[in-house]
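Novice: Sequence and predicted structure below; questions after.
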Amino acid sequence: MASLRSRNSWPLALPSFFYLLASSLLSCTAQSAEAGCGPYGHGVSSIVSEELYHSIFLHKDDSACPANGFYTYASFVRAASSFPRFGRTGDLDTRKREVAAFLAQISHETTGGWATAPDGPYAWGLCFKEEINPQSNYCDSTNKKWPCYPGKSYHGRGPIQLSWNYNYGPAGKALGFDGLKNPETVANNSEIAFKTAIWFWMTEQKPKPSCHDVMVGRYRPTAADVQANRTIGFGLVTNIINGGLECGVPGDSRVADRIGFYKRYAQLFDVAVGPNLDCAYQKPF
């Protein structure tokens, strides 16, 4: 009789099961983007609280910073929620390292700090939202897939300082704005600005791997990578972002600056930095 009751009770249990499942899904969708609800685990807010964000970027809203008031925590978290693998892949330490590495790289790209700056040079990330005095309009006229729009400049904008028409075009297509006709959007919309940075971080651009894959351990070096000494670690991320100017050059001050930010943030996140911090002996892509 016991087994008969169990079988008879199963159909009655099904509605309850599906009710609980539906409630869970509804709860997930009802949560704000900050909660990071989804199949890849908690979002970046579980790693970077609003309080921690402001302690990382101590001076981003100073009147001396051209981007003051632009790079808000809410915009960062909303942008991150559009990329379900960002900061949600791997164990907690892996996730912390990825977010620390991302914040370090964007801090270097937008820093307003200097050697004797208040609170040190690594407390001044996100000070700029647009390149000051660009050397050119960053138009690669040989690129026919993403042709430059007349009169537009594709100089560095946003947290990663997105540059060149061949980056603005695909970034805009992926994110829902016309990056070639309206590149200014990146400097005028905080959430889109962060999205372009995370888009760049997450996107493989062969022969370059994505920064994300490097930091979460999914990078598999090719024979050419091995020959070029492109070893996994934070240094390889620098190589992906600006290796043509900074890597293969021992003692480069720009690389040291990126590492300085990364070490500070890793300490704040209570996580080890991992191997191969610089790209001094890596061949650029």
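Specialist: Noted; the coordinates are in hand.
Novice: can you count the residues close to residue 206?
Specialist: Residue 206 is flanked by 7 other residues according to other C-beta atoms under 10 Å. Yep, even glycine has a C-beta here, placed from its N, CA and C like the rest.
Novice: measure it to residue 237 for me?
Specialist: Taking C-beta to C-beta, to the nearest Å as the measure, residue 206 falls 16 Å from residue 237.
Novice: In terms of helices and strands, where is the spatially most central residue of the chain?
Specialist: Centroid-nearest residue in the chain: residue 198, 3.7 Å away (criterion: C-alpha atoms, centre = their mean). According to DSSP states H and E, residue 198 maps onto helix 190-202.
Novice: which ones are touching the closest residue to residue 275 other than its chain neighbours?
Specialist: Nearest residue to residue 275, sequence neighbours excluded (C-beta to C-beta, 6 or more residues apart in numbering): residue 233, at 4.7 Å. Neighbouring residues of residue 233 by C-beta atoms under 8 Å, 6 or more residues apart in numbering: 214, 274-277.
Novice: wait, isn't residue 129 in contact with residue 106?
Specialist: No: with contacts counted by C-beta atoms under 8 Å, residue 129 stays clear of residue 106, the gap being 11.0 Å.
Novice: Comparing the two, which shows the higher neighbour count?
Specialist: Set residue 129 next to residue 106 and count neighbours by other C-beta under 10 Å: residue 106 wins out with 27 against 22.
Novice: that's a helix at that one, yeah?
Specialist: Yes: applying DSSP: H, G, I helix; E, B strand; the rest coil, one finds residue 106 inside a helix.
Novice: ok so, going back, so what's the gap between the helix holding residue 198 and the chain middle?
Specialist: Between the centre of helix 190-202 and the centre of its host chain there is 7 Å, according to C-alpha atoms, centre = their mean, to the nearest Å.
Novice: oh, and call the first residue 21 from now on, that's how I've got it
Specialist: Taking 21 as the first residue, the last one we looked at is helix 210-222.
Novice: what residues does that helix touch?
Specialist: Against helix 210-222 from outside (C-beta under 8 Å, 6+ apart): 90-92, 95-96, 98-100, 102-103, 105-106, 122, 125-126, 149, 177-180, 182, 187, 191, 194-195, 197, 205-207, 230-232, 261.
Novice: what do you get for stretch 67-78?
Specialist: So stretch 67-78 is in contact with 91, 93, 96, 107, 115-116, 119, 123, 127, 139, 143-146, 285, 288-289, going by C-beta under 8 Å, 6+ apart.
Novice: Ok, stretch 117-124 next?
Specialist: 64, 67-68, 76, 106-107, 109-110, 145, 217-218, 221, 231-232, 235-236, 254, 257, 278-279, 281-282, 284-286, 288-289, 291-294.
Novice: returning to what we had before: from the contacts of stretch 67-78, which land in helices?
Specialist: Among these, the members found in helices (DSSP state H) are 93, 96, 115-116, 119, 123, 127, 285, 288-289.
Novice: Including pLDDT and distance to residue 305, could those go into TSV?
Specialist: Shown next, in TSV, are the ones in helices among the contacts of stretch 67-78 (pLDDT from 0 to 100; distance: C-beta to C-beta, whole Å):
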residue	pLDDT	distance to residue 305
93	98	33
96	98	28
115	98	26
116	98	27
119	98	24
123	98	23
127	98	23
285	98	25
288	97	30
289	98	28
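Novice: Can I get the buried part of these as one PyMOL selection?
Specialist: The following PyMOL line selects those of the ones in helices among the contacts of stretch 67-78 that are buried, judged by 16 or more other C-beta atoms under 10 Å:
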select buried, resi 93+96+115+116+119+123+127+285+289
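Novice: and of the ones in helices among the contacts of stretch 67-78, the nearest to residue 84?
Specialist: residue 127 (16.1 Å; C-beta to C-beta).
Novice: Leaving out the residues flanking it, which one is nearest to the closest one?
Specialist: In space, residue 127 is closest to residue 145, 2.7 Å off (C-beta to C-beta, 6+ apart).
Novice: how many other residues sit next to that neighbour?
Specialist: A count of nearby residues for residue 145, using other C-beta under 10 Å, gives 29.
Novice: Tell me who's in contact with it.
Specialist: Contacts of residue 145 by C-beta under 8 Å, 6+ apart are 76-77, 80, 123, 126-128, 130-131, 133, 281.
Novice: Redo those as a markdown table? Include distance to residue 248.
Specialist: Formatted as a markdown table, the contacts of residue 145 follow (distance: C-beta to C-beta, whole Å):
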| residue | distance to residue 248 |
| --- | --- |
| 76 | 33 |
| 77 | 34 |
| 80 | 35 |
| 123 | 27 |
| 126 | 25 |
| 127 | 27 |
| 128 | 23 |
| 130 | 29 |
| 131 | 28 |
| 133 | 31 |
| 281 | 25 |
